[in-house]
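Q: only the shape, not the letters, is given here:
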């Protein structure tokens, strides 16, 4: 990730950072939709950029999908039941709740294989914004240099002893 410069005023960086945050939320939504990960649409629609905190937020199970899940722990049934209904999965005379329970039991035994989408998307957006950030930081350095010169050097009388 690009580190924030230590400057007095950074309007160009701040604007670019917010643009990148919104773009990241948009690209994460695209990523889960393109991979077919968000059957109900809840995960895809949960990606939001919080400008006040400077973070992209989304439903917690997105990290489980991204990183997988080790065997041994029983997952919550309701999200699986929602997924079964959204996919229209049917099996003999089983209800969606019974199917969800069977799937959850299988997840407890075998875990879930990772489907990485977070870091690849972050890397893609970082590459997209690298030159934009470089220019924004350069512009802010120039702005801060001008502020410094205006405060400390311009309009001052210099005395030179020879």
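A: Perfect, thanks for sending it. Treat the numbers as computed from the prediction; the structure is a model and nothing was measured.

Q: in the host helix or strand of residue 65, what counts as buried?
A: Using DSSP states H and E, residue 65 sits within helix 61-67. If you call a residue buried by 16 or more other CB atoms under 10 Å, then helix 61-67 has these buried ones: 62, 64-66. Every residue, glycine included, has its C-beta placed from N, CA and C.

Q: for residue 31, which non-adjacent residue is spatially closest?
A: Leaving aside its sequence neighbours, residue 31 sits nearest to residue 117 (CB to CB, 6 or more residues apart in numbering; 4.3 Å).

Q: what is the burial count for residue 117?
A: Neighbours of residue 117 under the rule other CB atoms under 10 Å: 20.

Q: what's the answer for residue 146, then?
A: Neighbour number of residue 146 under other CB under 10 Å is 11.

Q: now it: which helix or strand?
A: In the assignment (DSSP H and E), residue 146 maps to helix 118-152.

Q: if we can go back for a sec, nearest to residue 36 among the buried residues of helix 61-67?
A: Of all the buried residues of helix 61-67, residue 36 sits closest to residue 65, with 11.1 Å by CB to CB.

Q: show the contacting residues for the closest one.
A: Listed by CB atoms under 8 Å, 6 or more residues apart in numbering, the contact set of residue 65 reads 32, 37, 43, 112, 114-115, 117.

Q: try it again with 10 Å
A: 32, 35, 37-38, 43, 59, 112-118 (CB atoms under 10 Å, 6 or more residues apart in numbering).

Q: redo these as CSV? Include pLDDT.
A: Shown next, in CSV, are those (pLDDT from 0 to 100):
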residue, pLDDT
32, 96
35, 92
37, 88
38, 85
43, 94
59, 94
112, 93
113, 94
114, 96
115, 95
116, 97
117, 97
118, 97
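
Q: tell me which of those fall in strands.
A: Counting by DSSP state E, none of the members of the contacts of residue 65 fall within strands.

Q: filter the residues you listed to the buried ones?
A: Listed as buried from the contacts of residue 65 are 32, 38, 43, 59, 117-118; burial here means 16+ other CB under 10 Å.

Q: next, name the residue at the spatial heart of the protein.
A: The residue lying closest to the centre of the chain (CA atoms, centre = their mean) is residue 56, at 4.4 Å.

Q: thinking that residue is in contact with residue 122, fair?
A: Yes: Residue 56 lies in contact with residue 122 (CB atoms under 10 Å); the separation is 9.0 Å.

Q: perfect, I'm done here.
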